[in-house]
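Participant: I'd like to go over a predicted model; first the sequence, then the structure.
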Amino acid sequence: MKRVTIVKLALLLGGLFGPCAALQTTKGWRAEKALPFSMCAHSLLLFAFGMFLPFSWCVSGLLALDALAWLYAVKRSGSVSGLLHVFKDPVWWLTVLIVPALYYACCNRRLMSYDEYSHWGLMIKNIVAFDALPRRGAGAAFVLYNYPPMGALFPAMVCRIFGYRDGMAYFGYELLLLTLAVGIGKEIRDSRKPGGHFCVWDLVADFIGALAATPVAYFANYFTK
């Protein structure tokens, strides 16, 4: 793996884990609860600020906020070594191991299906190319403007960090799904407690809440010609 790729992966994971570290030190949130929240917060902030700022500014500002979250977590823990005890949960380390594997699995993929190259993937391409969300006066003429942006925002952030490639769009999307899927761990952990059980409806509610917290509830007119 090239050194620059390692640095970019560390930057991406560090940004995603920043809010998680702050939440774990202040509220005691475990990984399976903090990671989906962090992903949803990133998507929501990219959408909110992307409505009136260049997308590259949003990515840089978000990474700066992630760095501040790390500093806050270190302050709450008392020291950097104290913060390391926060990450004893194996979910953190499994995520760190899985992400490079996802990178290599996705890096040479190409957008092939109709939905990918004409809507979802095209939206990511144009967010990166025009440095703006597709709206009146910005974006491509062919993107489906009423398409929910939730699935494109974080992959577009990944493409801003690594440079646009179809594979990086896939990588960002797979990472989005991975962080939301770790919520399953919460239900498994709860089912092992005395009197606990695995509740499918709780899991469905978690996913609905995660999606509702992101720009799936978008402004339709904003994406209208």
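Facilitator: Yep, it's here. Since the structure is predicted, the reported quantities are computational estimates derived from the model, not experimental observations.

Participant: C-alpha from now on. contacts and neighbour counts both.
Facilitator: Noted.

Participant: in this structure, which spans are helices?
Facilitator: According to DSSP state H, the chain carries its helices in the segments 3-27, 31-50, 55-77, 80-84, 90-106, 114-115, 121-130, 150-162, 166-181, 183-191, 200-212.

Participant: which residues are in contact with the spatially most central residue of the chain?
Facilitator: Centrality entry for the chain: nearest residue to the mean C-alpha point is M39, 3.8 Å, by C-alpha atoms, centre = their mean. Shown here is M39, whose contacts under the criterion C-alpha atoms under 8 Å, 6 or more residues apart in numbering are 16, 176, 179-180.

Participant: just the buried ones from the residues you listed, in PyMOL syntax?
Facilitator: In PyMOL syntax, the buried subset of the contacts of M39 is picked out as below (16 or more other C-alpha atoms under 10 Å):
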select buried, resi 16+176+179+180
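
Participant: and of the contacts of M39, the nearest to S113?
Facilitator: Closest approach between the contacts of M39 and S113, by C-alpha to C-alpha: L176, at 19.4 Å.

Participant: contacts only, for the closest one.
Facilitator: By C-alpha under 8 Å, 6+ apart, the residues touching L176 are 39, 151, 154-155.

Participant: from these, pick the one nearest L53.
Facilitator: F154 (16.1 Å).

Participant: pretty sure the closest one sits against G172.
Facilitator: Yes. If you go by C-alpha atoms under 8 Å, F154 and G172 touch, sitting 6.2 Å apart.

Participant: thinking again about what came up before, as TSV, the contacts of L176 with pLDDT and distance to E32 would be great.
Facilitator: Formatted as TSV, those follow (pLDDT from 0 to 100; distance: C-alpha to C-alpha, whole Å):
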residue	pLDDT	distance to E32
M39	86	12
G151	76	20
F154	90	19
P155	91	21
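
Participant: any idea which of those residues is the one closest to G50?
Facilitator: Nearest to G50 among the contacts of L176, with distances taken as C-alpha to C-alpha, is F154, at 12.0 Å.

Participant: that closest one and I127, how far apart?
Facilitator: Going from F154 to I127 by C-alpha to C-alpha, to the nearest Å gives 11 Å.

Participant: re the thing from before, return the item of the contacts of M39 having minimum pLDDT.
Facilitator: Lowest pLDDT among the contacts of M39: L180, with 77.

Participant: for the residue nearest to that residue when sequence neighbours are not counted, give me its contacts.
Facilitator: Closest residue to L180 apart from its sequence neighbours, by C-alpha to C-alpha, 6 or more residues apart in numbering: P36 at 4.8 Å. P36 sits next to 179-183, 210 when contact means C-alpha under 8 Å, 6+ apart.

Participant: need the max-distance pair from those.
Facilitator: V182 and A210 (11.9 Å).

Participant: would you single out the least confident of the helices of the chain?
Facilitator: Ranked on mean pLDDT, the bottom entry among these is helix 200-212, at a mean of 54.

Participant: ok so, going back, which one of the contacts of L176 is nearest M51?
Facilitator: Closest approach to M51 among the contacts of L176 (C-alpha to C-alpha): F154, at 15.0 Å.
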